[in-house]
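1. Predicted coordinates and the sequence they were generated for:
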Amino acid sequence: MAGQHLRIHGLFQKYFLVLFLAVVMPLTTNGLSEAWFGYRDQRTRLEQLLGVEARSAGAKIQGFVDGITDQLGWLVQLPWTGEPDERRRIDALRLLRQVPAIVSLTLIDGNGRERLYVSRIGLNRNESRVDRSADVAVAGARSAGLWYSKVNYYRDSEPYMTIAMAGNRPSVGVVVAEVNLKLIWDVIAAIKIGQTGYAFVLDELGRLVAHPDISLVLRGADETTLAPFREVWEAVRRAGADVATSRNASGIAVAAAAAPVTGPHWTVVIEQPLSEAFRPIYAALWRTVGFLLVGVAIAGLMAYALASRMIKPIHLLEEGTERIGAGQFGHRIDIRTGDELQRLAESFNAMAAGLAESQERQERIAKLKRFLAPQVAELVDRTGDDDVLEGRRTEVVTVFCDLRGFTAFSARATPEEVMFVLSEYYDALGQIITRYAATLTSFSGDGLMLLINAPVSVAEPALRAVDLAVEMQMSVQKLIVGWQERGYRIGFGMGLAMGPATVGRIGYESRFDYTAIGSVVNLAARLCASASDREILADATVAEAVKDKHQVHPIGMRLMKGYDEAFLVYRVAFAERPEAS
Amino acid sequence: MRRRDALAWLGSAAAWTLPVRAQTPAMPVIGYLAPESPGPFDSRLKAFRQGLADVGYVEGRNVEIEYRWAEGQYDRLPVLAADLASRQVAVLVASGGAPAALAAKAATKTITIVFEMGGDPVALGVVDSLSRPGSNLTGVSSLSVEVSRKRLEFMHDLRPAASSFAVAVNPTSPTSGSQVRNLQTTAEALGIRLHVMNASTAGEFEAMFLAATREQAGGLVFTSDPYFAFRSTQLADLCFRYSMPAVTQSRDFPMAGGLMSYGGDFAQSHRRAGTYAAQVLNGEKPSNLPVQLVTKVELALNLKTATALSIAIPPSLISGADTVIE
C-alpha cells in the first residue's frame, strides 16, 4: 500500500512539474529576455540622455566663457592713436559693470604698451605706457588671437583665470581680462541632472573650477578634495561611449558623462546617482519580476488544479481496482472525463461485471461437482451453461443401494468401527461412481441413490447402470469378506429401475441438490429394500434392456409397498467371487 | 535649485527630527552678535535670514536666534560674546565687522563662529588661511576694506582739481592702520595730499566735518568701518549741512542723501553668512568651509546730491555705477 501511495504521489508530482514547467519556462524566458532587452534599451537611452545633459551643461559653461570673450571683442575693434582714448576708457568701465566676473581689464596698444588698466579693487592706471609685449597673455593673444591662462587660485582659494584677446589687426591691440571664476557658480548651480544630479567643471589639470558647493572650489588645489572628482572624470574617460559609473565624494555610486569646454580646455562632468539614473531600469526590472512571480504563482495554481484533476480519475481507478480486487464485483468506477480514462474505467467496470458473472458460475460449478460426476461437472463448466440442470422430464435409470444389517452393527460397534466401515465402503463406491459418470443425488448413512442418463444423456443407460451395479456389488462383497473376518455381520443389496422421471435442481440459495422425482425412484428404492445381501434387483425395463449382455433372472412377481399391483422382479447375475471368475 | 531643495529638505528633516532626538533644547539656537542696534541692521538681518532659508532654516520654526546688540558701544562686544558662548549656542554668528569677529574668537574656542566682516580675516589674525580656516572660525569677507583706496580714486575723479582730501578714520578699528597706509600710497600715486581725521564716536563727527571744511579738502573719504557704515543717515545729513562731497562704503549713504558709496555688497555677504551658519547647524565642520570673499563690489551714486553740490559727475563714473539715484 505504501508503495502504491508513493507511486500515486510521484505521478502527481510529475504532472505538476510538467504542467508547471510548461507554463513557467516560456514565461520566464520571455520575462528574462524582455528584462534584458529592456535593460539594454534603457541603458542606451540613459547613455544618450546623460550625453545630452553633459553637452547641455558644457554649452552653458561654454556660454559663460564665450559671453566674456564676446564682450572683450568690443574693446579690440578700433586702432589706437597716440592720444588717450577716453571713449575706450568708458567702454572698459561699462564692461566691468556689465560682466561681474571680470575683475580687471588691461588694454594694450599695437606696440605692446599698456594704455589703460581698470579694476574693481586696485587703482586704475591711464596711459602708463608700460611695455607689456613680453607678458605671456599678450604674446599668447598675439599669436593665437584668443588666449586662456591656466586657472590660478588667488590666495589658494578663489579661482581666477586670465583671458587675453587680440583684434583682427595688430594696431587694435590686445585686451587682457582677469576673470573671477567663482561667478560660474550661478551657472553651475542652475544645472540640474534629474532630481539630485549636478555638474562640475575641471580644468585640464583636473582641478575644480566650478561646483554647486562653492566651498569645495574655494579649498583651492587641495588634492584630497579633488581626488573623488578626478576619479569620476577618469571613469568617464575610461567608459568611452558607455555610461560611466563611479563613486562621488560622498561615496554614492553615480552615472557620469562629460563634455569639453573648448578654449580654456576644461571638462564639464555631470553626475547623477545611479539609483536615480537607473530608477526606470530598476522599476522595469521589478515590474518584470513582479509579473514573473504572479505568473509563477498562477502557473503553480493551474498546475496544481490540473494535476489534481488528472490525478482524481486515476485515484478513482486505483480505488476501484482495489475494491474489485478485494472481491467487491458490484463496485463501479464512475469517471466521466470523456477520454481514455473514462474508457479505461468502463472496461474496468465491464471486467468487474465479467468477474462477478464468472465467480457466480464458479460457485455454481462448485456446487454441481457435489452431485455430478467430475466429468459432467467439467462439461457444464466448459460449456459455461448449466441449462442441463434445469428441470425436465426424461428417461432415467435409478440405482439404490445400501448395507444390510448396518443399523444393528452401528448400534453395537464403536463409532470408530462405524466410521471405518463407512469410509472403506464409500471409498470403494466413490471410485466406481466416478468412473461410470453416474449422478449421485443423495446419500444418507449407508444408502445411496444414483441416476444414470441425467442430467447428461448417455448411450444405453440401462446397461451402464447394470455394469455399475455389478461392479459395485463385487467391490463391496470384497470388503464384506474383510468385515466378516472382523466379526461384522453386514451385507449389501441393490435395486435398479428405469423409467421417466422429473429431474432437476431442488433446494434453496446455496443448498441446491440435483434429484429425480417419479415412480421409478420409488420403485428402485423398493427393489433395493427387498434385495438381500449379494443381490441386484431390477425392474422389467432394465432387465429387458440388458438381457443381451447380462444374465437376468426373473424371480417372480413381488408386491411392492406403495404399489397396488405386483411387479415382475429380475435379479442380475454376477460372479460372486471375482477371483474365481 | 535642486541642491538647495535637497539641502532644504535635509534641513527641514533635521528640524523635524530634532525635537524627538534632543528634548532640550527643542530647536538649535544661533547666537547672533552685532555691534549695532536692530534698526540699522534690519536689511542685513533680512539677508542673513534669506541665507538660512536657502538651507531650510526658518527662525521660530526650526531654529531660534539669540540676539546680542552692542548698540554702537563696540567695547561691550566681548561681554556679549562671552554671554552667548556661555549659553552654549549651536553656532555663534559675529556679524558687522572685525570687532565682533575678534570678540567672538576671544570668547570661545569650541563653538563654531561664522563671521561677516569687511577686512582681510587672515591679516586680522582671525583665521590662518582662506581655503583652510582651521580652528573654529569661518565666514565671509566683503572687500570693503581693500577697496577704500578706490573710494579715494573715485573722489579724485570727481574733484580732479582738488589738491587735498580728508580721510575719516576710526582709530579703534583694527583695520584703520592698514587702510591709512593704503590711502597714503594711493595719494602719492595720484599726487594729492591727505588730511587724516579721527572719529570714533558720533560726537566727534561734527568736529571732523568742521576740520575738513577748514582744510578746504576736495572731499571726505571714509575708511571702511562698521561704525561709519551704520551711521549713514547722520553722515549724509552732515555732508548736506557742510556741503561736503563724501564717499563711504555703504550704499545706505547715497540712499540717505550722501553723494557716493563704494564697497562690498552687504546683502551678499550677510546672506552667505546665513548659509554658512545653516551649514554648520547641519553638522558641517568649519574647517571644511573656506572663507568666502564677496565677489560683488558696488558703486552707488546720488545725482541729486551731486547737483546740489554743483559737482559734475563724469560719464565714465555714471556708466560704471551699479546704482544711480536721480
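-> Great, that's in hand. Numbering: from 1, shown residues only, chains lettered A, B, ... in the order given.

2. Quick one: end-to-end distance for stretch B:261-271.
-> One end of stretch B:261-271 sits 20 Å from the other (C-alpha to C-alpha, to the nearest Å).

3. what does stretch B:228-236 give?
-> 11 Å.

4. Show me which residues of that stretch are buried.
-> B:228-232, B:235-236 (16 or more other C-beta atoms under 10 Å in any protein chain shown). Where you see a C-beta, it was placed from the backbone N, CA and C, and this is true even at glycine.

5. Could you list the residues in contact with it?
-> B:35-36, B:40-41, B:72, B:96-97, B:144, B:168, B:170, B:202, B:205, B:222, B:246, B:248-250, B:252-258, B:263 (C-beta atoms under 8 Å, 6 or more residues apart in numbering or on different chains).

6. Following the chain past the lengthiest strand in chain A, name the next helix or strand.
-> Longest strand in chain A, counting residues (DSSP state E): strand A:491-508. Sequence order places strand A:511-517 as the next helix or strand after strand A:491-508, per DSSP states H and E.

7. Can you tell me what sits against stretch A:35-49?
-> So stretch A:35-49 is contacted by A:241-243, A:255, A:257, A:277-278, A:280-281, A:284-285, A:288-289 (C-beta under 8 Å, 6+ apart).

8. and A:Pro26, helix, strand or coil?
-> Of the three states, A:Pro26 takes helix under DSSP: H, G, I helix; E, B strand; the rest coil.

9. where's it relative to chain B, distance?
-> Distance, A:Pro26 to chain B, by C-beta to the nearest C-beta, to the nearest Å: 44 Å.

10. can you count the residues close to that residue?
-> 12 (other C-beta atoms under 10 Å in any protein chain shown).

11. go on, A:Arg129?
-> Neighbours of A:Arg129 (other C-beta under 10 Å): 11.

12. what's near enough to touch it?
-> Listed by C-beta under 8 Å, 6+ apart, the contact partners of A:Arg129 are A:113-115.

13. just B:Asp252 next, same as before
-> Listed by C-beta under 8 Å, 6+ apart, the contact partners of B:Asp252 are B:40, B:43, B:229, B:232-233, B:261.

14. Of those, just say which sits nearest to A:Thr162.
-> Here the nearest of the contacts of B:Asp252 to A:Thr162, counting by C-beta to C-beta, is B:Ser261; it sits at 29.4 Å.

15. Tell me the neighbouring strands of whichever strand or helix holds the closest one, and mark each as parallel or antiparallel.
-> Assessed by DSSP H and E, B:Ser261 sits inside strand B:260-264. Strand B:260-264 has its sheet partners listed here by DSSP bridges as strand B:246-248 (parallel), strand B:297-302 (antiparallel).

16. Now do the same for the residue in the stretch 351-500 of chain A that chain B sits nearest to: helix, strand or coil?
-> At 79.5 Å from chain B, A:Ala352 is the closest residue in the stretch 351-500 of chain A, using C-beta to the nearest C-beta. Three-state call for A:Ala352 (three-state DSSP): helix.

17. so what's B:Asp83 up against?
-> Here B:Asp83 is in contact with B:Arg68 (C-beta under 8 Å, 6+ apart).

18. and the stretch 151-300 of chain A, which residues reach chain B?
-> Within reach of chain B by C-beta under 8 Å from any C-beta of the partner chain, the stretch 151-300 of chain A has these residues: A:153, A:155-158, A:180, A:182-183, A:189-190, A:192, A:195-198, A:212-215, A:218-220, A:222.

19. Where does the stretch 201-350 of chain A get nearest to chain B, residue-wise?
-> A:Leu218 (3.5 Å).

20. Quick one: residues contacting the nearest residue to that residue once chain neighbours are set aside.
-> Among residues not flanking A:Leu218 along the chain, B:Pro290 sits closest, at 3.5 Å (C-beta to C-beta, 6 or more residues apart in numbering or on different chains). Contact analysis of B:Pro290 by C-beta under 8 Å, 6+ apart lists A:157, A:215, A:218-220, B:130-133, B:138.

21. What backbone torsions are found at B:Pro290?
-> phi -60, psi 150 (degrees, to the nearest 10).

22. The nearest residue to B:Ala308 once chain neighbours are set aside is in what secondary structure piece?
-> Spatial nearest neighbour of B:Ala308, chain neighbours left out: B:Phe240 (7.5 Å); criterion: C-beta to C-beta, 6+ apart. Assessed by DSSP H and E, B:Phe240 sits inside helix B:232-242.

23. Of the residues of the stretch 151-300 of chain A next to chain B, which belong to helices?
-> A:189-190, A:214-215 (DSSP state H).

24. List the buried residues in the helix or strand containing B:Leu80.
-> Assigned by DSSP H and E, B:Leu80 belongs to helix B:77-86. Buried residues in helix B:77-86, counted by 16+ other C-beta under 10 Å: B:77-78, B:80-82, B:84-85.

25. Sheet partners, orientation included, of the longest strand of chain A?
-> strand A:392-404 (antiparallel), strand A:511-517 (antiparallel), strand A:535-538 (parallel).

26. May I see the domains of the chain written out as residue ranges?
-> In the absence of a named chain, this looks at chain A. A:184-279, A:286-370, A:372-572 (automatic domain parsing).

27. hm, I was asking about chain B
-> As assigned by automatic domain parsing, chain B contains the domains B:2-142+B:265-295, B:148-263+B:298-325.

28. of all these, which lies closest to A:Gly82?
-> domain B:148-263+B:298-325 (20.6 Å).
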